[in-house]
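K.L.:
sequence below, structure please.
(one chain, ligands or ions: 1)
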Amino acid sequence: MSVFIIVALVVLLFTIVYQIGKSSEYASVIRGEEFVSKRTNKTIATLLVAFFLLGLYGIYVCNEYFKGKLLPPAACKTGDNYDHMFIVTLMVTGVVFLATQAVLFWFVYKYQTSEKSKPSFFFSHDNRLEMIWTTIPAIAMTILVVIGLKNWYEVTAPAPDNAMVVEIIGKQFNWLVRYPGKDNELGLRDFRKINDANNVLGLDWTDPHNQDDIISQNGELHVVVNKPVKLIIGSRDVIHDVGLPHFRMKMDAVPGITTSLCFTPYITTDSMKQITGNPNFVYEIACDQLCGSGHYSMRGTIIVQTQEQFDAWTASQKSYYALNNPDALKAAATATTPAVDSAGGGDIKKVDGMKKAAKAVSMKN
Ligand SMILES: [Cu+2]
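P.N.:
You can find the predicted model right below:
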């Protein structure tokens, strides 16, 4: 609050000084004196230099204030590359900004109107100068764009074969996270089968791949440290956006279109708690697209854990099918004879049994 008051006071002070300058200028016009007196000129030049110095001080104060209060270090390599790119861009543009503004404000002061000063030389055009100030920025900009493109291609590159595939679907107003289960394959979805009571993603129960799919509770996305993750992104209603601030990434979740994002987390949630000194630290999934009245509450979490922790978590999860079709599971169990199971080929029979039971359930629904 006190910072706000200081800023407001500074703005007010400048407005008053400006108005005084303006009115004295009009007064001199009325008095028929010179349009802009030498004195006013000097005052304005001095104020402009003060404004520049105050601006620099403002930058310093903001920097000190926010130091360490923004995001912790990026939790994946691509995120780190993005940070690096931002720093390089800020350095290049910052140095140019400071140099040009310093020269601008200094010249305003040094070359204010004076009867004594006479221009020592004058030229209207210089090809060499034009070349210099066109070529150098063009080269600098090209380098910055190339760094950006390289990062972009890295993020959008096809996921490696060993990547863990997880589906994340946005809906007003939370995230639904689905794992492919033991068969490593996500089952089919059909939006016409969506039912908030027992089929939030519209899973097609007749597809056996769906029967071991896990839907994580509370929008929690569990991933394994140092293992690539491929997010299959979608939406159930309007456009959302999977925003991963700690990984410096985001990707739109568009209804009817599948998008994806690939990254390899390299800092576990537990390590990040130590790095940030915050025992309550969580990696956040924020919706980065204004998607309706509950947009602010559309927050998921990512839990980066070791393989053992992840396996333990997976083992503790029941498939979404099992949770929502207990009758079908029972029917499948009775349809499968244990004798066939032990003789081999039981899995196929079991899936067949499940298929039949699932069909019965979906017809009932
Ligand atoms: Cu949203």
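K.L.:
buried set for the longest helix along the chain?
P.N.:
Of all segments of type helix in the chain, defined using DSSP state H, the longest is helix 77-110. The neighbour-count check on helix 77-110 (16 or more other C-beta atoms under 10 Å) flags Thr78, Gly79, Asn81, Tyr82, Met85, Phe105, Val108 as buried. Where you see a C-beta, it was placed from the backbone N, CA and C, and this is true even at glycine.
K.L.:
what residues does the stretch 101-250 of the chain put near the ion?
P.N.:
Within the stretch 101-250 of the chain, the residues that sit near the ion (C-beta under 5 Å from the ion) are His240.
K.L.:
please repeat the previous calculation with a cut-off of 6 Å.
P.N.:
Gly170, His240 (C-beta under 6 Å from the ion).
K.L.:
so which residue of the stretch 101-250 of the chain comes closest to the ion?
P.N.:
Closest to the ion within the stretch 101-250 of the chain is His240: 3.4 Å, counting by C-beta to the ion.
K.L.:
and that residue, how far from Asp288?
P.N.:
Distance of His240 to Asp288, computed by C-beta to C-beta, to the nearest Å: 8 Å.
K.L.:
of the two, which one has the most company?
P.N.:
With neighbours defined as other C-beta atoms under 10 Å, His240 and Asp288 compare such that His240 has more, 30 against 19.
K.L.:
state the pLDDT value of that one.
P.N.:
For His240, the pLDDT comes out at 94.
K.L.:
I figured it hits Gly300, correct?
P.N.:
No: with contact defined as C-beta atoms under 8 Å, His240 does not reach Gly300; the gap is 10.7 Å.
K.L.:
quick check, Leu176 in a strand?
P.N.:
Yes: assessed with DSSP: H, G, I helix; E, B strand; the rest coil, Leu176 lies in a strand.
K.L.:
and it, how many neighbours does it have?
P.N.:
Residues within reach of Leu176, counting by other C-beta under 10 Å, total 18.
K.L.:
what do you get for Met164?
P.N.:
For Met164, the neighbour count with other C-beta under 10 Å is 18.
K.L.:
which residues does it bridge with?
P.N.:
Beta-bridge pairing for Met164 (DSSP bridges): Val229.
K.L.:
that one: what's it in contact with?
P.N.:
Met164 makes contact with Val223, Val224, Lys227, Pro228, Val229, Lys230, according to C-beta atoms under 8 Å, 6 or more residues apart in numbering.
K.L.:
since that was my last question, I'll sign off now.
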